[in-house]
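S.K.: Here you go, sequence then predicted model.
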Amino acid sequence: MSAAVEKVLEVSHVGFSYHTRTNFGRHHRIEALTDVSFDLLHGETLGLIGRNGCGKSTLLKLLSGIYRPERGTITRHCASVSLLSLAIGFDPQLSGSQNLILSCMFLGHSRQAAMAHHDEIVEFSGLGQFINEPVKSYSSGMKARLGFAVGLTMKVDVLLIDEVLGVGDESFRRKAVRAMKDRIESDQSVVLVSHSLDRMKGLCDRIIWLEDGEIVQVGDPEAVTTAYLEAMEDSESVGNRAAQASGGPG
């Protein structure tokens, strides 16, 4: 990580909830995040781990500005934040090429700059002639590859990555990991979500473990992932004992 220690993001006591509708038409409130605080430093790669539904993707959307916190504050000491996720911000009716240009402009670049990097982005994505087809015809992997290629090619201050490194064929995954390592070594600030704990340990300077919308632990990648795995094993063991006690499969 870079020797610089200035903060690019400050998250202070952030809470966020959303509502779902039940089968009877009633609304049910779900607390996605309750009281989350941390800083992202310049040049740091920060990982988010936790079980499905713990609030990782919601937190990335808050950091990117797609959602606004209900409680607490997020302070950005930077000009541009890019969220790489499955088709975030893509217009399905437009072609991949048109979405590429718009995505670059949403990141604060000019149309001229987008056009100058167009072919480079297409080459990285591996979409070839599919770049001229409407995005609605793309698979989720194709959309993720295009979003990843835009985010990696066009410089932004903070890069938010939500499971994108796990999509595409093996060749693209290797290329994506190499590109991420190059960005990390060039002092890019990154927040990364991935279910691959080995990959997280290899890429991240720190890791945050989220559980039920709260931070359980933050710090050294090896220490946090070890504690997380031990907790998951304990939880699974308790579940098995409960199933055996109730006469279920053991």
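M.R.: Nice, I can see it. On a predicted model such as this, the values are computed, not experimentally measured, just so you know.

S.K.: most centrally placed residue in the protein?
M.R.: Asp162 (2.4 Å; C-alpha atoms, centre = their mean).

S.K.: do you know how far that residue is from Arg206?
M.R.: As judged by C-beta to C-beta, to the nearest Å, Asp162 and Arg206 stand 18 Å apart. C-beta coordinates here come from the backbone N, C-alpha and C atoms, glycine included.

S.K.: now do His77
M.R.: Plainly put, His77 is 18 Å away from Arg206 if you go by C-beta to C-beta.

S.K.: go on, Leu229?
M.R.: Distance of Leu229 to Arg206, given as C-beta to C-beta: 17 Å.

S.K.: Using PDB, list the CA coordinates for stretch 32-50.
M.R.: This file holds the C-alpha atoms of stretch 32-50, laid out as PDB (Å, rounded to 0.1, in the frame of the first residue of the first chain):
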ATOM      1  CA  ALA A  32     -29.500  -3.600   6.100                       C
ATOM      2  CA  LEU A  33     -26.900  -1.700   8.000                       C
ATOM      3  CA  THR A  34     -27.300  -0.500  11.600                       C
ATOM      4  CA  ASP A  35     -24.200   1.400  12.800                       C
ATOM      5  CA  VAL A  36     -21.200   1.100  10.500                       C
ATOM      6  CA  SER A  37     -18.000   3.300  10.800                       C
ATOM      7  CA  PHE A  38     -14.600   3.000   9.000                       C
ATOM      8  CA  ASP A  39     -12.200   5.000   6.900                       C
ATOM      9  CA  LEU A  40     -10.700   4.100   3.500                       C
ATOM     10  CA  LEU A  41      -7.200   5.400   3.000                       C
ATOM     11  CA  HIS A  42      -5.600   6.600  -0.200                       C
ATOM     12  CA  GLY A  43      -4.000   3.600  -2.000                       C
ATOM     13  CA  GLU A  44      -5.700   1.100   0.200                       C
ATOM     14  CA  THR A  45      -7.500  -2.100  -0.900                       C
ATOM     15  CA  LEU A  46     -10.200  -2.800   1.700                       C
ATOM     16  CA  GLY A  47     -12.200  -6.100   1.500                       C
ATOM     17  CA  LEU A  48     -15.700  -6.800   2.700                       C
ATOM     18  CA  ILE A  49     -16.700 -10.300   3.800                       C
ATOM     19  CA  GLY A  50     -19.700 -11.800   5.400                       C
END
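
S.K.: Could I get the buried residue list for that stretch?
M.R.: 32-34, 36, 38-50 (16 or more other C-beta atoms under 10 Å).
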